[in-house]
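Engineer: I would like the atomic coordinates for the input below:
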Amino acid sequence: MAHRHVAVTAAVVLAIGGAVAGVLAAQGGGPDRAFRGSPPPAGIRLPAFALPDDSGGRVSSARLQGKVVLVTFLDTQCREACPLIAGHVGRALSLLPDDLRGDVVALAISTDPAEDTPEAVDEFLRRHRVRGRLRYLVAPESEMRAVWSAFAVLPSLDTGDDDTHSAPVRIYDRRGEWVSTQHAGADLTPENLAHDLRLAVESE
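Structural biologist: Sure thing, here's the model as predicted:
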């Protein structure tokens, strides 16, 4: 009887411990090793591209190897999802520890290069406090077409509406594999985004 009592007690302790761990994980107090964004199809990698950014530099996917890459698609004239996305990206980067932040590159790809002039991009980035943290990539339409196609996104240039375009926030891990997608108004929050970025940085 004594052995049976010990076994039952041990089982109860393990069950309670598991329940507590589950509650802590749900509340952010325990390990959370799953991406919070939507899982993409397996095996899709960061498309190849090379585009100028808002600082006068050039961003090449080939030179991003070993980095976690956040990619979103914005229009500086957009008044709905884009300001929210930019703000969330900026706050998510601020939530990352200093030793991890340097492993993340955040990119915004223009969906309307004709309207995304250097002046418009600079004002947008400053207004949403992401100047120097979110690199805005813009090139002539002839160059952008291939990039939009590679990422399978619908640009606002084609819809004729600044607020109507693809606006996912995608995360690619150090190997260049697409691992998570978040959307404004659904699962995109600074906390969720910071969590997925950190998980991608720490994943091997």
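Engineer: What's the first helix or strand after the helix or strand of the chain with the lowest mean pLDDT?
Structural biologist: The helix or strand of the chain with the lowest confidence, counting by mean pLDDT, DSSP states H and E, is helix 2-26 at a mean of 35. Later in the chain than helix 2-26, the nearest helix or strand by DSSP states H and E is strand 50-52.
Engineer: State the paired neighbours of that following strand in the sheet, together with their directions.
Structural biologist: strand 58-60 (antiparallel) (DSSP bridges).
Engineer: next helix or strand past the partner strand?
Structural biologist: Counting by DSSP H and E, what follows strand 58-60 is strand 68-74.
Engineer: other SSEs contacting that next one?
Structural biologist: helix 81-95, strand 104-110, strand 169-172, helix 190-202 (3 or more CB pairs under 8 Å, 6 or more residues apart in numbering; DSSP states H and E). Just so you know, the C-beta spots here come from the backbone N, C-alpha and C atoms, and that holds for glycine as well.
Engineer: buried ones in it?
Structural biologist: Judged by neighbour count using 16 or more other CB atoms under 10 Å, the buried positions of strand 68-74 are 68, 69, 70, 71, 72, 73, 74.
Engineer: Give me the contact list for that strand.
Structural biologist: 46, 82, 85-86, 89, 103-111, 124, 136, 151, 153, 155, 165-174, 176, 193, 197, 200-201 (CB atoms under 8 Å, 6 or more residues apart in numbering).
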